[in-house]
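Undergrad: coords please:
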Amino acid sequence: MVKDFISLADYTGAEIMALLNLADELKRLQKTGRPHRLLEGKTLAMIFEKPSLRTRLTFQLGMFQLGGFSLLMDSRLGVRESVPDVAHNLERWVDGIMARTFRHEDVCLLARSAAVPVINALTDKLHPCQILADVQTLREHKGTSLCSLKVAFVGDGNNVFHSWANFASRLPLNLTLVCPEGYEGDPEITGRVAKEAQGTFAITHDPVSGLKDADAVYTDVWASMGQEEESAMREKVFLPYQVNKKLMELAKPDAVFMHCLPAHRGHEVSDEVIDGPNSVCFDQAENRLHAQKAVLASLLRGDRVLSIFAELNHK
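TA: Next up is the predicted model:
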């Protein structure tokens, strides 16, 4: 069993699917009012270097609903004291650490240094929690069989796309990045995924071919946190890739629109799309709670998902 949740590439397809199935079960229990206090007495330290709405509230609520307790830390890793020193302190007090940071290397160092599980809640390189919630949402709207589905990611080959790519390297989903030249993502990640992809994996600069037969159209902000000084330049480059009604019409008629939020309305997406009947972005936001609860339950218990299912069914 993997100790930490840093990258979906660290997991097998079967392990990822087990987490998704557990997320579905935990959502069902929450919706029907059945208690599932799997983390009674457990504590989670939450480190935030970046502002947060969905991540902060869903992890905090998730620990509460699972019977545990969370502590907030607003600080930059490696500034006041070294990352290993932070890890060695926290491991003496808490059962797990969640970190939302700028530098991916800091979360990796935190995981290597801490004896307790570390969860990557977003870095400049990866955002694995988001993709678990996204796929949970996709399964709810398009069925549990992913192999016939095509996701077209429109825009920057950023941390969210990298985690989608890692997912596609473990499970049979078809993924296409539709982006301007020069924004194709980390070549180390895309090169590996091109070899390991379980379905089709493509990168194109042409929206027409990229969105053809897409079951889901996904986009994200054009300038992520830490890239604000590039906003004006990026707006010119990415404008032809705005997900509006005309672009959505290039996909299948029943294609869903997805966004990890926050959305910059009028930039990467138009109001008519994000507020339209095919938008599932707020379902994605809801599922952050349930998907992350599955990760928390699995890691903080140090237990396999099947054992957790057995305990839930016994109650």
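Undergrad: who's in contact with Leu8?
TA: Contacts were defined as Cβ atoms under 8 Å, 6 or more residues apart in numbering; by that measure Leu8 touches 16, 128, 131-132, 163, 166-167, 170. C-betas here are computed from N, CA, C, even on glycine.
Undergrad: again, 6 Å this time
TA: Listed by Cβ atoms under 6 Å, 6 or more residues apart in numbering, the contact partners of Leu8 are 128, 163, 166-167.
Undergrad: look up how far Pro187 lies from Cys308.
TA: Careful, residue 308 is Ile and not Cys. Ile308 sits at a distance of 38 Å from Pro187 (criterion: Cβ to Cβ, to the nearest Å).
Undergrad: number of nearby residues for Gly199?
TA: Other residues lying near Gly199 total 17 when counted by other Cβ atoms under 10 Å.
Undergrad: on that earlier part again, any of the contacts of Leu8 buried? List them.
TA: Of the members of the contacts of Leu8, the ones counted as buried by neighbours, 16 or more other Cβ atoms under 10 Å, are 128, 163, 166-167.
Undergrad: out of the residues you listed, who's nearest Ala23?
TA: Among those, Pro128 lies closest to Ala23 (Cβ to Cβ), at 13.0 Å.
Undergrad: can you list the weak-confidence ranges in this structure?
TA: Counting by pLDDT under 70, the ranges of the chain that qualify are 225-226, 306, 314-315.
Undergrad: which residue is nearest the middle of it?
TA: Note on the chain: the residue nearest the mean C-alpha position is Gln130, at 1.7 Å, using Cα atoms, centre = their mean.
Undergrad: surely Asn287 is in contact with Ala133?
TA: Yes: the criterion here is Cβ atoms under 6 Å, and Asn287 meets it with Ala133 at 4.0 Å.
Undergrad: coming back round to it: could I get the contacts of Leu8 in JSON lines, plus columns for secondary structure and distance to Glu228?
TA: Conversion of the contacts of Leu8 to JSON lines gives the following (DSSP: H, G, I helix; E, B strand; the rest coil; distance: Cβ to Cβ, whole Å):
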{"residue": "Pro128", "secondary structure": "helix", "distance to Glu228": "24"}
{"residue": "Ser163", "secondary structure": "helix", "distance to Glu228": "22"}
{"residue": "Asn166", "secondary structure": "helix", "distance to Glu228": "26"}
{"residue": "Phe167", "secondary structure": "helix", "distance to Glu228": "28"}
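Undergrad: what's the host helix or strand of Lys195 packed up against?
TA: According to DSSP states H and E, Lys195 maps onto helix 187-196. When contacts are defined as 3 or more Cβ pairs under 6 Å, 6 or more residues apart in numbering; DSSP states H and E, helix 187-196 sits against helix 159-168.
Undergrad: switch the cut-off to 7 Å
TA: Under the contact criterion of 3 or more Cβ pairs under 7 Å, 6 or more residues apart in numbering; DSSP states H and E, helix 187-196 touches helix 159-168, strand 201-204.
Undergrad: of those, which stretch is the most buried?
TA: Across those, averaging neighbours per residue (mean count of other Cβ atoms under 10 Å) puts helix 159-168 on top, at a mean of 26.
Undergrad: show me the strands in the protein, by range?
TA: Assignment of strands within the chain using DSSP state E yields the ranges 43-48, 69-74, 96-100, 118-122, 150-154, 174-178, 201-204, 216-219, 256-259.
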